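Visitor: need the 3D shape of this:
(chains A, B, C and D)
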4 protein chains.
Amino acid sequence: MSVIRVGLVGYGYWGPNLLRNFQNNPGFKVVAVADGRAEKRDKISRAAPDAAIYDRGEDLIDATDVDAVVIATQVGYHYPLAKRALSLGKHVLCEKPLCTRVEDAEDLVETAAANNAVLMIDHTFLFTGAVQTIAALCQSGELGKISYYDSIRINLGLFQPDVNVMWDLLPHDLAIIDYLIEEELVHVEAQGYCHVNNGVPDIVYATLYYPHSFIAHLNLSWMSPVKVRRTAVGGLKKMLVWNDLDKEEKIKIYNSGIAIQPETVREIIIPSYRIGDIYSPRIPDTEALAGVVAHFNSVIRSETKSIILNPAVERSWRWRSGLL
Amino acid sequence: MSVIRVGLVGYGYWGPNLLRNFQNNPGFKVVAVADGRAEKRDKISRAAPDAAIYDRGEDLIDATDVDAVVIATQVGYHYPLAKRALSLGKHVLCEKPLCTRVEDAEDLVETAAANNAVLMIDHTFLFTGAVQTIAALCQSGELGKISYYDSIRINLGLFQPDVNVMWDLLPHDLAIIDYLIEEELVHVEAQGYCHVNNGVPDIVYATLYYPHSFIAHLNLSWMSPVKVRRTAVGGLKKMLVWNDLDKEEKIKIYNSGIAIQPETVREIIIPSYRIGDIYSPRIPDTEALAGVVAHFNSVIRSETKSIILNPAVERSWRWRSGLL
Amino acid sequence: MSVIRVGLVGYGYWGPNLLRNFQNNPGFKVVAVADGRAEKRDKISRAAPDAAIYDRGEDLIDATDVDAVVIATQVGYHYPLAKRALSLGKHVLCEKPLCTRVEDAEDLVETAAANNAVLMIDHTFLFTGAVQTIAALCQSGELGKISYYDSIRINLGLFQPDVNVMWDLLPHDLAIIDYLIEEELVHVEAQGYCHVNNGVPDIVYATLYYPHSFIAHLNLSWMSPVKVRRTAVGGLKKMLVWNDLDKEEKIKIYNSGIAIQPETVREIIIPSYRIGDIYSPRIPDTEALAGVVAHFNSVIRSETKSIILNPAVERSWRWRSGLL
Amino acid sequence: MSVIRVGLVGYGYWGPNLLRNFQNNPGFKVVAVADGRAEKRDKISRAAPDAAIYDRGEDLIDATDVDAVVIATQVGYHYPLAKRALSLGKHVLCEKPLCTRVEDAEDLVETAAANNAVLMIDHTFLFTGAVQTIAALCQSGELGKISYYDSIRINLGLFQPDVNVMWDLLPHDLAIIDYLIEEELVHVEAQGYCHVNNGVPDIVYATLYYPHSFIAHLNLSWMSPVKVRRTAVGGLKKMLVWNDLDKEEKIKIYNSGIAIQPETVREIIIPSYRIGDIYSPRIPDTEALAGVVAHFNSVIRSETKSIILNPAVERSWRWRSGLL
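Guide: Residues are numbered from 1 along each chain as shown, chains lettered A, B, ... in the order given. Just a heads-up that it's a prediction; the model follows:
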């Protein structure tokens, strides 16, 4: 396959980053950018002087020289734009959330399949050096059977009128867990608490149950004066702690584990602990969004299977509709 | 009132500490110590050469020269010994847990009241410099209305045959919350998870609901390679973080808070944050058990109201029976 | 005085930052930018479309509509360009180092004075929130008499062919000490050590002596795997530690000090320590270079006395010539 | 050789620890303890009921059933007691400092050699898990050629009438460097600074020069509100940082180093850095003094060469006499 001609719809906060990364990837050529605002089109003309500039995203999508579409508009436009592009057999990379209704998500998944087009969501976090390193550790079996995922994402929040702390912070963990663990989520218990606005939780505790001895717990808050981004992943052989705010030692692997011994006391198994060394691997310091673009390229060219599976999309929206 | 003549029943792990602290407090005179084990009585004779030594705790309790009894035996003996002492109008300081059935606890509370005797549990943690400092901050109103208590007590646990992670670690937080917050617990949601032994949770997440805009959450684990003892207490004016493993700055007070402003967007109140200075008060480095003994002395002499209220005792056992 | 018309000579690494900050300050109007490289002039035309663009800095300096000149060229050009501008009575802000010979620096200082022009060096560090906070603490007397300054600046260095670890890291501390302490440096002892290249020290320890009971010590290294930026400033009443890598608590003030007591043992005064609270003030998060520009503006308008004194310039070069 | 019969002279602060550790080592039998104070002899009788108790150390030393003597008296008695014991061919373990004059130290070394007796100083620090681990790393060559030792020992000091900050803190580093590095110290530069008492430095900076590309620097202070115990040991292959106050990760090994490359720029070698993983080995948590006693046992039995060499003793005293 020759170079993929890509068009970008929406040039707001994230748009310049998307443009730059698609420009830097030799698999793509950015042939068009669309934005309804004149001052944004001005900036586009300086940043992408050889791209066609559109006022309306629909026109960009319909253009015959566009093979793939990146959608970075407000959420309300995601579904109709993605639907239009996929129906024409064009590949779509869409910012998250994909859409606001489960049926719409399912429709997009089916439309993509029917037209043999790739539909991918921009879960940038999965392409960070930290999550890639954790995934490699999980998949290699080095940690042993994974038994828990415990995440703390707390800070003093920026209250927004249309989002609560769960929608602000939980999608990161859901995407990461889906990526690390191959099990299906079977049950969720979540408690939200509103200190400032009724109906807009600013503290949420969520416990996620999975079928085979794995549990996930998320502590999310906009009410903490200290910013914490700390995720522990426990395996029966080793355990790791990912502190995303620690530049020097982002991930620490603890050679501590539990050795089940045959000795029993009153029918209780007495485990022994092996507390050992601590190891902190060097995390590659690459731009995660470059990885997203490279992955989109590989999936379109069928070189790689997507790490962002359609069932995960569907499941995450089932989860949403069930909770709210 | 002259000096209080005290007898100590049980000279195991905690006994020598109790003996030493009662010896050091001028309000008490240790007149008797009891232990069923000969080698313990040997040690007692060296550590308390002028005290009567008993084989059986019952005989010590019955002795006419004993005004108050300290019970530090195995849990199974707590109830009959405390009952015997209280029935004789003798004051009791008992190690925790007080007993294993709600009815027994209620009976002891009633017996104490009927005989005008003091019944106190040794919640040593409440007398640490850290908890005393936090309590003073809560009571002075410096933090504003307390809105949450979030505690993480995780480490690589020592599995014991007759206790799970909840009974190992949760009583500390329950006692502290009861001390700090004057509200009644109305509802508990707790999830336990067993990785090693069925029926013996090694990870427990508990959320405690209170009537007036206060929530508590406890993250307890025996499966964490990193030891964490971190409790956040959030008020609407200030928030504090208590890191019990940090010797230098055990408590940090964050002058960060939420100022509710009258501006509304789509009927949502937009709060503003005041992020400010951080202050770490010097924590007195005193032995907490000395404070327990001094408090027992003051309560017996009616100089102080007990900070360890009978209703709290009762409530904590209701909670237990409801959960297990 | 109306707006100051400023010209910028040199549009390399630091030039765009200088341009942007002068554009943002209403006291200045950027009327001209000079750079000898065509591709830089291209960028200038986009970033400053209404400024005159020069190939040669000399022409910019001679232009009659230029009141002040910012010099951000290679070091070798600093002296002749600054000399030319000051001789014409134009104010000069020069990147550091001002020049490479003491006599040149002295000549510039005299030229500035003779022509009633301001000569300022861009010591950006002095305008950071951290150093501003430390200076305010020193000047208010809150720390008491300042007795020591101890700085550690170590990391894995980027070896450069024309600079050693001292020239890379020491100027920061010299400028800060000159700013904080009003005493004259009287003596320096410095030891350099070359592990990689003979004649190019990669570890330097320097001790600076001052007349009135103040000492400074600098530990500079390109051979440390851990990056440390930690400066302690000790006063007889309080002491502070500035950890420039700690985002949350950049400065901690220790309410600990020494109380000289009249008790003496064998003619030795026994001091007692007051170990107290720790306080971490909120550091304003502003761009330091904006402060440099604002300061240059105020000094030109005679609203403020310069914090970067001429004697300090001279002294620092005496120091250099003495050492190398 | 059968069991070594040992006598302990001095039962002050450190005496009980020495007694307990010698009692626990099966190579020794504590046959005698001496102390001039009656109340100490009382305690000795309870702690060592089967040992002979002496008033005067000289009598203990002369006793025919004593093979080895441990000297833990005030410093002024060290030399005459050690001299007496060594002259009788008895092995000596002496607390530090061995004595106060170089000639006395040299005389003891010669007396020990002449009588074929072991003379050892109790450098407990060398037997900690941390220093043992560092020594193993240095000796195995894992760090490469050791190029620097940089130690920070600062805290708020306890001023003592007869000691300054150097004598309080520097002996630890001297003993450790002597243990790690096989080179002879050739030159010392040290600056002391007195804030509180003239003639009693409370801040000392010392730089130690060695012949073959190794440098040591010590930053010692009684004037720091923050306690720091941080030692970096740099090798050309790897570097390590020992933070003695960090319980969890006392030693971190950085897989960072310098690769000298053949490329040169203006006759300067441009090195490249390999910044890599961080590894924190588990440090055995054993009592260091038990290791001292075991080592004394092995050296007496000629199983091991002493790690505390006589020349080091002599050298450290030359150093002292030169400085003061």
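
Visitor: next secondary structure after the longest helix anywhere in chain A?
Guide: Identified as the longest helix of chain A according to DSSP state H is helix A:165-180. Downstream of helix A:165-180, the first helix or strand assigned by DSSP states H and E is strand A:187-193.

Visitor: show the contacting residues for A:Gly89.
Guide: If you count contacts by C-beta atoms under 8 Å, 6 or more residues apart in numbering or on different chains, A:Gly89 has them with A:115-117. C-betas here are computed from N, CA, C, even on glycine.

Visitor: same question for A:Thr133.
Guide: A:251, A:281, A:283.

Visitor: tabulate the residues you listed (JSON lines), appending pLDDT, neighbour count and secondary structure.
Guide: Shown next, in JSON lines, are the contacts of A:Thr133 (pLDDT from 0 to 100; neighbours: other C-beta atoms under 10 Å in any protein chain shown; DSSP: H, G, I helix; E, B strand; the rest coil):
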{"residue": "A:Ile251", "pLDDT": "95", "neighbour count": "23", "secondary structure": "strand"}
{"residue": "A:Pro281", "pLDDT": "91", "neighbour count": "20", "secondary structure": "coil"}
{"residue": "A:Ile283", "pLDDT": "88", "neighbour count": "20", "secondary structure": "coil"}
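
Visitor: which non-adjacent residue is nearest the residue nearest to the spatial centre of chain A?
Guide: Closest residue to the average C-alpha location of chain A: A:His123 at 2.9 Å, with C-alpha atoms, centre = their mean. Counting by C-beta to C-beta, 6 or more residues apart in numbering or on different chains, A:Ala175 is the residue found nearest to A:His123 once chain neighbours are left out, at 4.5 Å.

Visitor: what's the neighbour count on A:Ile152?
Guide: A:Ile152 has 21 neighbouring residues, counting by other C-beta atoms under 10 Å in any protein chain shown.

Visitor: what inclination does the host helix or strand of it have with respect to helix A:165-180?
Guide: Assigned by DSSP H and E, A:Ile152 belongs to strand A:146-156. Following axes from the mean of the first three to the mean of the last three C-alpha atoms, to 10 degrees, one obtains 150 degrees for the angle between strand A:146-156 and helix A:165-180.

Visitor: now for strand A:146-156, which elements pack on it?
Guide: Applying 3 or more C-beta pairs under 8 Å, 6 or more residues apart in numbering or on different chains; DSSP states H and E, one finds that strand A:146-156 makes contact with helix A:165-180, strand A:215-221, strand A:223-235, strand B:223-235.

Visitor: from B:Ser280, how far off is the residue nearest to A:Asn219 when sequence neighbours are not counted?
Guide: Using C-beta to C-beta, 6+ apart and skipping residues adjacent in sequence, the residue nearest A:Asn219 is A:Ile152, 4.6 Å away. Distance, A:Ile152 to B:Ser280, by C-beta to C-beta, to the nearest Å: 21 Å.

Visitor: circling back to that earlier point, mind checking the pLDDT average for the strand holding A:Ile152?
Guide: Taken as a whole, strand A:146-156 has a mean pLDDT of 93.

Visitor: what pairs with it, and is each one parallel or antiparallel?
Guide: strand A:215-221 (parallel), strand A:223-235 (antiparallel) (DSSP bridges).

Visitor: ok, residues contacting the shortest one?
Guide: The one in question is strand A:215-221. With C-beta under 8 Å, 6+ apart as the test, strand A:215-221 has contacts from A:147-155, A:157, A:165-166, A:168-170, A:173, A:177, A:202-210, B:150, B:191, B:193, B:203, B:205, B:217, B:219.

Visitor: show me what contacts A:Asp65?
Guide: A:5, A:31-32.

Visitor: still on that earlier bit, by mean pLDDT, show me the worst of the strands paired with strand A:146-156.
Guide: strand A:223-235 (a mean of 91).

Visitor: chain center to it: distance?
Guide: From the chain centre to the centre of strand A:223-235 is a distance of 18 Å (C-alpha atoms, centre = their mean, to the nearest Å).

Visitor: check which residues of that strand are buried.
Guide: For strand A:223-235, burial by neighbour count (16 or more other C-beta atoms under 10 Å in any protein chain shown) applies to A:223-226, A:228-235.

Visitor: farthest-separated two in those residues?
Guide: With C-beta to C-beta as the measure, no two of the buried residues of strand A:223-235 lie farther apart than A:Pro225 and A:Gly235, at 32.5 Å.

Visitor: tell me which parts of the stretch 101-250 of chain A are close to chain B?
Guide: Residues of the stretch 101-250 of chain A lying close to chain B by C-beta under 8 Å from any C-beta of the partner chain are A:147-148, A:150, A:152, A:156, A:159, A:161-162, A:189, A:191, A:193, A:195-197, A:200, A:203, A:205, A:207, A:213, A:215, A:217, A:219, A:221, A:223-226, A:232, A:234, A:236, A:239, A:241.

Visitor: ok, now which ones touch the residue nearest to the centre of chain A?
Guide: A:96, A:175, A:179, A:292, A:308.

Visitor: now A:Asn155
Guide: A:Asn155 neighbours (C-beta under 8 Å, 6+ apart): A:221-222, A:224, A:226-228.

Visitor: mind doing that once more with 7 Å?
Guide: By C-beta atoms under 7 Å, 6 or more residues apart in numbering or on different chains, A:Asn155 lies in contact with A:222, A:224, A:227.

Visitor: what separates it from C:Val6, distance-wise?
Guide: Taking C-beta to C-beta, one finds A:Asn155 at 40 Å from C:Val6.

Visitor: again with A:Glu183
Guide: For A:Glu183, the distance to C:Val6 - C-beta to C-beta - is 64 Å.

Visitor: try A:Ile134
Guide: 51 Å.

Visitor: and which of the buried residues of strand A:223-235 is nearest A:Gly141?
Guide: For those, the nearest to A:Gly141 is A:Gly235 (8.7 Å; C-beta to C-beta).

Visitor: nearest spatial neighbour of that closest one, skipping sequence neighbours?
Guide: Per C-beta to C-beta, 6+ apart, closest to A:Gly235 is A:Leu143, 2.9 Å.

Visitor: can I get stretch A:95-106 in PDB, CA atoms only?
Guide: Output in PDB follows, covering the C-alpha atoms of stretch A:95-106 (Å, rounded to 0.1, in the frame of the first residue of the first chain):
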ATOM      1  CA  GLU A  95     -10.800  11.100  20.000                       C
ATOM      2  CA  LYS A  96     -12.500   9.700  23.100                       C
ATOM      3  CA  PRO A  97     -15.200   9.300  24.000                       C
ATOM      4  CA  LEU A  98     -16.300   7.700  20.800                       C
ATOM      5  CA  CYS A  99     -19.900   8.700  21.300                       C
ATOM      6  CA  THR A 100     -22.500   9.000  24.000                       C
ATOM      7  CA  ARG A 101     -24.900   6.100  23.400                       C
ATOM      8  CA  VAL A 102     -24.100   2.400  23.300                       C
ATOM      9  CA  GLU A 103     -26.300   1.900  20.200                       C
ATOM     10  CA  ASP A 104     -24.200   4.500  18.300                       C
ATOM     11  CA  ALA A 105     -21.000   2.800  19.300                       C
ATOM     12  CA  GLU A 106     -22.300  -0.600  18.200                       C
END
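
Visitor: can you give me the buried ones in it?
Guide: Per 16+ other C-beta under 10 Å, stretch A:95-106 contains these buried residues: A:95-99, A:102, A:104-106.

Visitor: so A:Val131, which of the three states?
Guide: Assigned with DSSP: H, G, I helix; E, B strand; the rest coil, A:Val131 falls in the helix class.

Visitor: hmm, back to that, just the buried residues of strand A:223-235 now: which is nearest chain C?
Guide: Here the nearest of those to chain C, counting by C-beta to the nearest C-beta, is A:Val226; it sits at 7.2 Å.

Visitor: leaving out chain neighbours, which residue sits closest to that closest one?
Guide: B:Val241 (5.7 Å).

Visitor: C-terminal to whichever strand or helix holds A:Leu86, what's the next element?
Guide: Assigned by DSSP H and E, A:Leu86 belongs to helix A:75-87. Sequence order places strand A:91-94 as the next helix or strand after helix A:75-87, per DSSP H and E.
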